[in-house]
Every structure is written in C-alpha cells, then in structure tokens.
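**Student:** Can you look at this prediction? I've put the sequence above it.
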4 protein chains.
Amino acid sequence: MPRPSLPDAPERARGQRDPEATQRALLAAATAEFAEKGLAGARVDEIARRAGVNKQLVYHHFGNKEALYRAALDQVYAGIRVQERALHLADLPPEAAMERLVGFSFDYLLEHPEFVALLNDENRQEAKHLRDSPGLQAMHSPLVELLQETLRRGGEAGVFRTDMDPVNVYISIAGLSYFYFSNNRTLSAIFGRELDGARAVAARRRHVIDFTLRALRP
Amino acid sequence: MPRPSLPDAPERARGQRDPEATQRALLAAATAEFAEKGLAGARVDEIARRAGVNKQLVYHHFGNKEALYRAALDQVYAGIRVQERALHLADLPPEAAMERLVGFSFDYLLEHPEFVALLNDENRQEAKHLRDSPGLQAMHSPLVELLQETLRRGGEAGVFRTDMDPVNVYISIAGLSYFYFSNNRTLSAIFGRELDGARAVAARRRHVIDFTLRALRP
Amino acid sequence: MPRPSLPDAPERARGQRDPEATQRALLAAATAEFAEKGLAGARVDEIARRAGVNKQLVYHHFGNKEALYRAALDQVYAGIRVQERALHLADLPPEAAMERLVGFSFDYLLEHPEFVALLNDENRQEAKHLRDSPGLQAMHSPLVELLQETLRRGGEAGVFRTDMDPVNVYISIAGLSYFYFSNNRTLSAIFGRELDGARAVAARRRHVIDFTLRALRP
Amino acid sequence: MPRPSLPDAPERARGQRDPEATQRALLAAATAEFAEKGLAGARVDEIARRAGVNKQLVYHHFGNKEALYRAALDQVYAGIRVQERALHLADLPPEAAMERLVGFSFDYLLEHPEFVALLNDENRQEAKHLRDSPGLQAMHSPLVELLQETLRRGGEAGVFRTDMDPVNVYISIAGLSYFYFSNNRTLSAIFGRELDGARAVAARRRHVIDFTLRALRP
DNA sequence: GATGAATGAGCGTTCATTCAT
DNA sequence: TATGAATGAACGCTCATTCAT
C-alpha cells in the first residue's frame, strides 16, 4: 500500500532495435502512468519518456493512446488470471482452501496496486474498453468455479452453508479486500488512522479471512 | 445503477442576478461532470454549459477547476453525513439496528452513484484534496460510533461477537456494498451477467445483509 | 534608484464618498501600476485594488484603461513642468544657472522613476497617447527657453559657445541623465557594477554637470 | 527613425522541414513583435503568424514566450557586439578614433530600432531576464575598453582630459544617442518638430560628436 | 456614487496525433 | 524501425468591460 511509483524502464542502448522489448517497455510504462493518472490524465509523452523510447512508437506499435490503454488493461487482467490458475485448492480441506482463496485475493491486490487503480478508472468509464475487449471470455476469473467447488465440498463436509450464490460470495470476498485497498487513502484521512502500514494491513487480512469464514458457516 | 446522466440545470433567465443560485448550479454541474469524467477528464467549459452560466463564473466563485472539485467533493461527503445522522439505531434491537445500518449503506450508494464515482477518482489521486480539506473532521462518519454501540448492545444481548475491531467491521460493511457498485460494470462484463438490474440489486442487498449478520454471530 | 514600489493608497472608510479623493487615489495607483508593468502589462483590477476602490470606478471616472493611462501620463508631465517653472535661473550667473538646470534635470529623474518608466512605455507605443493629448502645448518644457536664454547670456559673457541648437543641447542634457536612469539596470548587469547606489549616483551627477559645462565652452 | 515595421518572414513551402530556419524565423518575428509591443503586449499567435509557422513550434523550440523573449534579447545584444568588435580604433589618431566610436554608437541605434525598443522593455522589467542570462559576461561591451584606450592615447597626445571615469564617459556617449532615438517620438510631439527626418538625424549626429569631443578636451 | 456579479473575447500553453526523413 | 519536427484542436484561465442593484 505504500504504492511505490513503478520504476521507469531501463535505458536501452540507443539506436538498438528490439520491437518486442520496445512494446514491453511501453506497456509497463503505460500501466504505471494510467494507474497513476487515469486514461484522461495520462500523457503519451510521459509514457514514451518512461519507456525510454520515442513517442511515435506508441502509435507505431499500438495505434493510439486508447488502444494502449486497452492493452494495459488486458495485460493486468491476464496477470491476475495467471496467478489464479496456479492456485490448487482441490488438494486442501474446504476451510483451508477457502482461507487460501480469500488470502490470495487480498495478497494480490496488496502487491498490485496498479490493478486496483486501472480497474477503478475503467469502471468510471463504465467498463467501455473492457466490453470491447476481444478476449473478454478469457478474463472470466477461474476463482468463481474454484469457489463454487470449494463451497460444494464444504457443504458436503458440513462446514459451509449451501444456499449462497457463488457469484455474490465471490463479489463479497473480492469486495472485502478491494475496497480496503482502493479506498485506503480516503479511509485513512477520514478515520485519522494510517491504514496502509504493515500492521494495519496484516490486521485487515486476518479480519477479512475471519469475516468470510464466519459468514459461510452453516 | 442505470446511472442516469444527471440533468443539466434549468436555464436561468438571462441577466438575472442570483449568485447563490449560480454557485448551486455550478456545484451540481461540477459534481455530475467530475463523477462522469474524473478531475482530469472534466471540462470547465462543459461544467459551465451544464450549469447554464458563463465559464468565467467558475473562477469568480470558486477560483479554479481544482477548488471547484474540492467543493464538489466536500458537498457529496456532507450529503451522506446528513443522512447518516438521521439514522436512529438506538431505538431498535441490535440485529434490526445492524440490518438497518447495512441496508442504509447499500441504499445510499445505489441512489448516489456520483458519490462512488467521485470517491474513486479522489482515491486515485491519493486523497490529496480530501487531506487538504479544512472540514476533514466533520467528514468522519458517525456510523462507526453507531456501529460500535450496536455491536456492544448485541454483545450484551448475546447475538454478536465482541472481539471485532469496529473500524474493520465498518470497512467490511461499506466494502460489501461499495465494491458491488463501484465495480459493477467490470463485474457485469466479466461474468456476462447484468448486475445492475433491479433483480440483481435486490439479491445483492439481501446477500450483503445476510453475509454481515452471519459474520457477526458469536 | 532603489525604485521603491509606490505605496498603495491609505484605506478609506468604507462607504465613504469623496469622488475627488477616489480619482486621486486611482490616478496615483494607475501611475504606479503603469510605471511597473506598462500599459499592456498593467491590470485594471490591480489598479483598483491599489487605490482601495471598486474596479467599476475606473470606468465611471475615466472611461477605460487607456484613458486612465492618458490621464496618468498627462499628470506626470504636469508634475515636472510645475517644478521646472519654479526654477529661477535669471538670478544666477550663466555658469551657475546652467549647473542648476542640469542638476535639476538629473535630480528630478532620480526622484521620479515613474516618470522615466511611463515615458519609456509611451515611446515604445510611438507616443500615440501623447500626440492625442489635448493639452500637448502645455507640455512643452519651459527649460528650452530657459536654456536658450542662459546660453545667450553665457555667450555674451564669453563663457559659452553660441553656435549650438538649443533643442539639441536640451536633448543632450536630458539624455545624459535620462539614459543613466532608464537603462540603469541593464547597464548595472552588463558592467557588473551597481549603478544605483548613492555613491554611483552622486558620481554620475557630477559627471553630467561637468561633461555638459565643458561641452558648452567656447 | 522611420522605424519601418519589420517584414514578416517569407512563406515557407508547406510541410518543408528545416528546424534551423524555423527557429530563425521565429526569432526574427519575436524580435519585431517584442520590439513593437513589449513582452506583455506581444502575442504568441502573432509571432507564429509573422514567422509563418505553427504556434506550437514556439513551445517546441523555445519552451515558452518568456524564453523566446530571452532568446531575442540575447540575440540583439549579440548583434551589436559583433559590430563593435569590428571597429578598429587603434589604427586611428585619438580624435578620429573617438569620432568613429561615437558615430558608430549613433549609427547602430539608428539602424536598429528594435535594439532600443527591446532594451527599453527589459529595463522596465528591471533587467530581470538579462540578469538571468547565462552568457551575461559575453554581453559586456568591448567599447568600454576601446574607449579607455582611446582616452589614454588622447591624454598622452594632449588632446583629451585624463581625469574621467571611462564607464561614465561610455554611458554619456551612449546616452547622447540612445535618448534621442528611444524618446524620439515624445520629443517630437512636445517640441512640435519632426526629429525623425533625415535632416534632423544628421544634425543630431553632428551635434553628438561635437558635444562629446568638446567635453573631452583638456 | 459605489458594489459585486456577469460577460465575451482572447491568451499562453498542452496534447494527441501525423509528417518527413 | 525509429526520430524529431510539425500540426490543429482544445483547455484552463485572464482580462477589460458591462450589467443590475
């Protein structure tokens, strides 16, 4: 939550040509810039500067600012999906599996403030870029199915309720963590309490897991 | 959640003098514009046009775009505080009081999408305007105290746990509703499920209350 | 030459009505503002603020910004003419009279930096306001006639040349002082030498008198 | 002194690339515009129009209006220094050298009204741009040293006084010409005498040389 | 006479984007 | 592929001036 400003791309040898590296550098710079300033506030000049490349390459490789934004958005979604797919909950008993799932949701947001920031801006724009995304299906979180399966196993084991809509449970789990991170600064200001310190974060993590597990009890 | 674009101010008779009405019109127009586009994306010209007044009056009455943004932010916070103070939970038994509190949190966000939108943008800017706000103290939500008192009464009555940090409980209650509204569009897109219809909203409302009450059980 | 920023007008009792005092205050404020910023750079708001009166009074009393500028210009010319007419050179022997005349030219500019500043701006505008001034004749300096008479007396006494055009002599006398004051800052910068200290000013004064008297020797 | 308004730059073939020509055109246009209107009165749009280039190029090449002003100021100083360095006074006997020096000072101002105009504005701004100029040293006029050497030679030859401060003599020589040109219009208006005609200018030139040489006599 | 609100034109500057090399 | 120059459309803001009271 200290939200470290993402570092600029390393200086490439001048005149060197590596189109893929250029694209990677642009995408990383764009993600950082869009996260900090939003689509409207981000500057193409600044993205190019951060990436250490000529501004025209933004247009060459991505077409325009908005397409670059879409690419950055797709990429951050891809990033979380990769990690979600690496969770192996089937090996664990239902309660431990649920704890891992909730914990993962929390930890990912903690470690990826740019994901939260980009999503916030995209929602303010009514998700219009996301809706246009060709790979939208691929963005569907596998967590919903994992959650559904875990709830089913927990139901059979008698440790979880079985009358809950998995999508709403998913939204609740996500929301308990997401809101804490997305609104951390305004909450800190209003409560006069630093919610972004390591101790507060750890306490919140325990609270979220505890709150969820209790809510799911039969 | 249909998020109706806020209507423009009614055309005032030309040449008429009413500075307070002018300021109100500007503030309303600014709230709508900032909610839709964010601070960076909002256009002073457009705000003036929506308010039906000359653009220069923004500067005459508020100083500059950012000060107008701050005024709009202060006003939306004031709006929710007014309604929060009108809640009378002490008259109700603990569980009913909690249900009302959670229900209010949900309903207010449902009816005030501009509050959610402004807060999102403010958080992306690291709450810098809020932190500078002179009346920051007045923005502290009375709900935390109401919640604390309700939890205490529920604890005595044996219906609530007594080991929870009220601030974290508050954040959880707020987050369960807020995330649903703030991220409604991306969630709808990804789940391929309309989460902003009346039926989905009603189901979410029930879920949030149920989820919270169960989590608070002893 | 420390060119002290002219003080603002004293605060008048609010609501008090004294049209002449208002005009005087405006004129003084305008002179200072125009001297500091020029006609283009001066701000009507700032002039009103300095005068401690409402901006509209500028228009009420003077018509517009340019008319106020003309009024200020006329006034500074009137100021120097008043003092020039108070010189009594006929009582003095020619050389002493000439010294007084040159000394006066120097001293007046030293004490009235706003005169120099206004004249510079007016010249950059090709004197267009001055040419429109109705009382232009009244602005003709009596010094030319005084100078002519002094030169004549000196010629008869054998101490001055008699073959010089009085207007050119006048321009030379004025220029020797005026240039020093009008260009003091750039000269100081380029010579790396503070030309606005009391010592430098006194040395310049002696130099100007000496230079002139020698140039006029037969 | 007919002060012909500087002509606009020739129209460049559209789309042609020549950054140096662009900068030269902008600098020439800026010099003319700043000379006519001053820093505050000059318009960036007008400068671009005169230069026949897009307005944005002012910012691309110079940064902002004030930096362009500084560049113009530096350039006009550089212009006079170049010609001053081309004077070879050592070859001439002292009196002829002095006459050439004074004549040059007069002629340069006659031919470069923009130099006078820019300097006037810069002085009204208290030379703040000049003081910030990195190459300030380079702006020191070589004339002071030339003058000093000429005075020394004239002193040895018995034709000049030896007790004069060269800086003050330099200021006097410059002032005798500068004031005539910088204040030509107000002087013309007040004396009701055209001081910018060829005859008046020629008479002034003779007067200035004569006045100076006589003042320097032992 | 005096005030603060209101207006329209315009100014310096920014920005996403395209051009020429 | 890559670069810096160039462009047109705004944008935030300022300013002299006028209106309504």
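**Tutor:** Everything's here; your move.
**Student:** contacting residues for A:Ala174?
**Tutor:** A:105, B:179 (CB atoms under 8 Å, 6 or more residues apart in numbering or on different chains). No exception for glycine: its C-beta is placed from N, CA and C like everyone else's.
**Student:** ditto for A:Ala97
**Tutor:** Counting by CB under 8 Å, 6+ apart, A:Ala97 touches A:89-90, A:146, A:150, A:153.
**Student:** Of these, just the buried ones, PyMOL syntax please.
**Tutor:** Only the buried entries of the contacts of A:Ala97 go into this PyMOL selection, using 16 or more other CB atoms under 10 Å in any protein chain shown:
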select buried, chain A and resi 89+146+150+153
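**Student:** Just flag the most distant two among the contacts of A:Ala97.
**Tutor:** A:Leu146 and A:Arg153 (10.6 Å; CB to CB).
**Student:** Nearest to D:Met98, out of the contacts of A:Ala97: which one, please.
**Tutor:** Out of these, the member with the shortest distance to D:Met98 (by CB to CB) is A:Leu146, at 98.1 Å.
**Student:** Report the angle between the longest helix seen in chain A and helix B:19-41.
**Tutor:** Counting residues, the longest helix in chain A under DSSP state H turns out to be helix A:19-41. Per axes from the mean of the first three to the mean of the last three CA atoms, to 10 degrees, the angle that helix A:19-41 makes with helix B:19-41 is 180 degrees.
**Student:** following helix A:19-41, which helix or strand comes up?
**Tutor:** helix A:44-51 (DSSP states H and E).
**Student:** Which helix or strand contains the residue nearest the centre of chain A?
**Tutor:** Central residue of chain A (CA atoms, centre = their mean): A:Phe115, 3.5 Å from the mean position. Of the helices and strands defined by DSSP H and E, A:Phe115 is found in helix A:113-124.
**Student:** now check that helix, is it near DNA strand E?
**Tutor:** No. Using CB under 7 Å from any atom of the strand, helix A:113-124 never reaches DNA strand E; the gap is at least 13.8 Å.
**Student:** Show the secondary-structure elements that that helix is packed against.
**Tutor:** helix A:19-41, helix A:65-85, helix A:94-111, helix A:166-182, helix B:19-41, helix B:113-124, helix B:184-191 (3 or more CB pairs under 8 Å, 6 or more residues apart in numbering or on different chains; DSSP states H and E).
**Student:** picking up where we left off before, give me the helices and strands touching the longest helix of chain A, please.
**Tutor:** By 3+ CB pairs under 8 Å, 6+ apart, helix A:19-41 packs against helix A:44-51, helix A:56-62, helix A:65-85, helix A:113-124, helix B:19-41, helix B:113-124.
**Student:** Which helix or strand lies directly C-terminal to the fourth one?
**Tutor:** Meaning helix A:113-124. Criterion used, DSSP H and E; the element after helix A:113-124 is helix A:128-132.
**Student:** wait, does that next one make contact with DNA strand E?
**Tutor:** No. Using CB under 7 Å from any atom of the strand, helix A:128-132 stays clear of DNA strand E, with a minimum separation of 13.5 Å.
**Student:** pull the CA atoms of the following helix or strand past that helix into CSV?
**Tutor:** Downstream of helix A:128-132, the first helix or strand assigned by DSSP H and E is helix A:143-157. The C-alpha trace of helix A:143-157 is given here as CSV (Å, rounded to 0.1, in the frame of the first residue of the first chain):
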residue,chain,number,x,y,z
LEU,A,143,-11.9,-18.3,-8.9
VAL,A,144,-15.7,-18.4,-9.3
GLU,A,145,-15.5,-22.1,-10.2
LEU,A,146,-12.9,-22.8,-7.6
LEU,A,147,-15.2,-21.1,-5.1
GLN,A,148,-18.2,-23.0,-6.2
GLU,A,149,-16.4,-26.3,-5.9
THR,A,150,-15.0,-25.4,-2.5
LEU,A,151,-18.4,-24.3,-1.3
ARG,A,152,-19.8,-27.6,-2.5
ARG,A,153,-17.1,-29.6,-0.8
GLY,A,154,-17.6,-27.6,2.4
GLY,A,155,-21.3,-28.1,2.2
GLU,A,156,-20.9,-31.9,2.0
ALA,A,157,-18.5,-31.7,4.9
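**Student:** So which elements touch helix A:143-157?
**Tutor:** Using 3+ CB pairs under 8 Å, 6+ apart: helix A:143-157 touches helix A:94-111, helix A:166-182.
**Student:** just how off-centre is the last one within its chain?
**Tutor:** This means helix A:166-182. 12 Å (CA atoms, centre = their mean, to the nearest Å).
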